[in-house]
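> coords below, sequence missing:
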């Protein structure tokens, strides 16, 4: 059952549904699922996702399908970002190894935050990458789009954040 007071994240099924473009997801449900990141509460998701329809109904449907689940206490938010040892810029040598999937998830979340629904196509390209080289090409496209739509400051911020989360 869906609880508006809980914070939700994608389940393994949800992540796979995004990666494989599952036919169980309508485009609007898929867009809402992309927004769900384990950090945003219902109120924020409702504001961002209202363009896709009734956010409460969509999240209830995603929960019913098993694509989202409540974050368990404080254990899950730590998985989204590697722990910062001192600073995040230039600390890539000391940063823990980031998997391609973790980097993809982070990039998709940041692009959704920065561009909203306009980022959907970029997010799909990033999710489809199968190796670090393809991922880097997709990031370059995302940076160019950010530069055009959001300005050079947003593009530079995104590039700096992604530099410390390169998959290895």
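Alright, I've got the coordinates. Remember, predicted model here, so these are calculated numbers, not experimental data.

> elements contacting the longest helix seen in the chain?
In the chain, assigned by DSSP state H, the helix with the most residues is helix 132-150. Applying 3 or more CB pairs under 8 Å, 6 or more residues apart in numbering; DSSP states H and E, we find helix 132-150 packed against helix 100-115, helix 120-128, helix 152-163. Just so you know, the C-beta spots here come from the backbone N, C-alpha and C atoms, and that holds for glycine as well.

> show me what the mean pLDDT comes to for it.
Per-region confidence: helix 132-150 scores 88 on mean pLDDT.

> quick check: buried residues in it?
135, 138-139, 142-143, 145-147 (16 or more other CB atoms under 10 Å).

> for the spatially most central residue of the chain, which non-adjacent residue is closest in space?
The centroid of the chain falls nearest to residue 109 when counting by CA atoms, centre = their mean (2.5 Å). With CB to CB, 6 or more residues apart in numbering as the criterion, residue 109 has its nearest non-adjacent residue at 4.7 Å, and that residue is residue 37.

> the longest helix of the chain versus helix 120-128: what angle between them?
170 degrees (axes from the mean of the first three to the mean of the last three CA atoms, to 10 degrees).

> what's helix 132-150 in contact with?
100, 103-104, 107, 111, 114-115, 118-119, 122, 125-126, 128-129, 154-155, 158-159, 162, 166-168 (CB atoms under 8 Å, 6 or more residues apart in numbering).

> let's see the PyMOL selection covering just the buried ones among the residues you listed.
Command for PyMOL that selects the buried part of these, burial taken from 16+ other CB under 10 Å:
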select buried, resi 100+103+104+107+111+114+115+119+122+125+126+129+154+155+158+162+166+167
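
> dump the buried residues of helix 132-150 to CSV, plus distance to residue 7.
Formatted as CSV, those follow (distance: CB to CB, whole Å):
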residue, distance to residue 7
135, 27
138, 28
139, 27
142, 26
143, 29
145, 29
146, 26
147, 32
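
> returning to what we had before: how much space between the residue nearest to the centre of the chain and residue 54?
23 Å (CB to CB, to the nearest Å).

> with residue 120 instead?
Applying CB to CB, the value for residue 120 to residue 54 is 19 Å.

> of the two, who's got more company?
More crowded of residue 120 and residue 54, by other CB atoms under 10 Å: residue 120, with 17 against 13.
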